[in-house]
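Q: Below is the structure, and that's it, no one-letter string:
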């Protein structure tokens with residue numbers, strides 16, 4: 001006997017979940033909605049076999065580390081983050097939850113990246129820089145100094161160009 005649509009929709013999904021959406025706000029929104037209706041589901045952490053992750057690094061649940069990435073010693077990556085292809089995250093850096101690092105990004109040591117911040121393709125971030133929550137670093141940028149929360153910055157060297165509204169799309 002076939003179930004009615006309302007019966008199928010009310011069933012809970014048990015098992016694992018990974019939300020593969022590049023926009024950090026949308027990823028968090030979809031993840032939160034899914035987890036509310038499926039509290040028994042759990043986050044899957046995926047690390048590509050060609051990625052190199054230090055034994056002392058901490059990778060949060062629901063995070064993906066793509067091919068060719070290198071995660072250095074004592075790096076902390078919080079839950080549901082994306083570390084994209086050929087990315088380097090050096091020693092003692094901290095990536096907050098739902099942050100994303102695009103392909104080819106180099107992050108030096110002791111860098112802090114805030115919640116839902118995004119570092120775009122080919123960018124570099126020097127040692128001890130803080131990138132605030134919800135901020136975006138544009139493609140090919142070289143970040144030499146801190147970027148406050150809720151800003152868009154780009155260039156060589158990267159400069160803040162304008163503020164960013166909550167939930168503003170960037171992809």
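A: Sure thing, it's come through. Note that the coordinates shown come from a computational prediction; the quantities given were computed from them, not determined experimentally.

Q: What segments of this protein are helices?
A: 5-10, 24-37 (DSSP state H).

Q: can you put those in a markdown table and add mean neighbour count?
A: C-beta coordinates here come from the backbone N, C-alpha and C atoms, glycine included. Shown next, in a markdown table, are those (neighbours: other Cβ atoms under 10 Å):
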| stretch | mean neighbour count |
| --- | --- |
| helix 5-10 | 9 |
| helix 24-37 | 15 |
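
Q: JSON lines for these, including mean pLDDT and distance to residue 128?
A: Listed next are these as JSON lines, based on pLDDT from 0 to 100; distance: least, Cβ to Cβ, whole Å:
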{"stretch": "helix 5-10", "mean pLDDT": "41", "distance to residue 128": "49"}
{"stretch": "helix 24-37", "mean pLDDT": "88", "distance to residue 128": "23"}
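
Q: Columns distance to residue 98 on top of those, output as a markdown table?
A: Below are the helices of the chain laid out as a markdown table (distance: least, Cβ to Cβ, whole Å):
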| stretch | distance to residue 98 |
| --- | --- |
| helix 5-10 | 26 |
| helix 24-37 | 5 |
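
Q: what's the closest of those helices to residue 112?
A: helix 24-37 (16.1 Å; Cβ to Cβ).

Q: is it true that residue 88 touches residue 107?
A: Yes: counting by Cβ atoms under 8 Å, residue 88 does reach residue 107; the two are 6.6 Å apart.

Q: Those two - which one has more neighbours?
A: residue 107 (27 against 19; other Cβ atoms under 10 Å).
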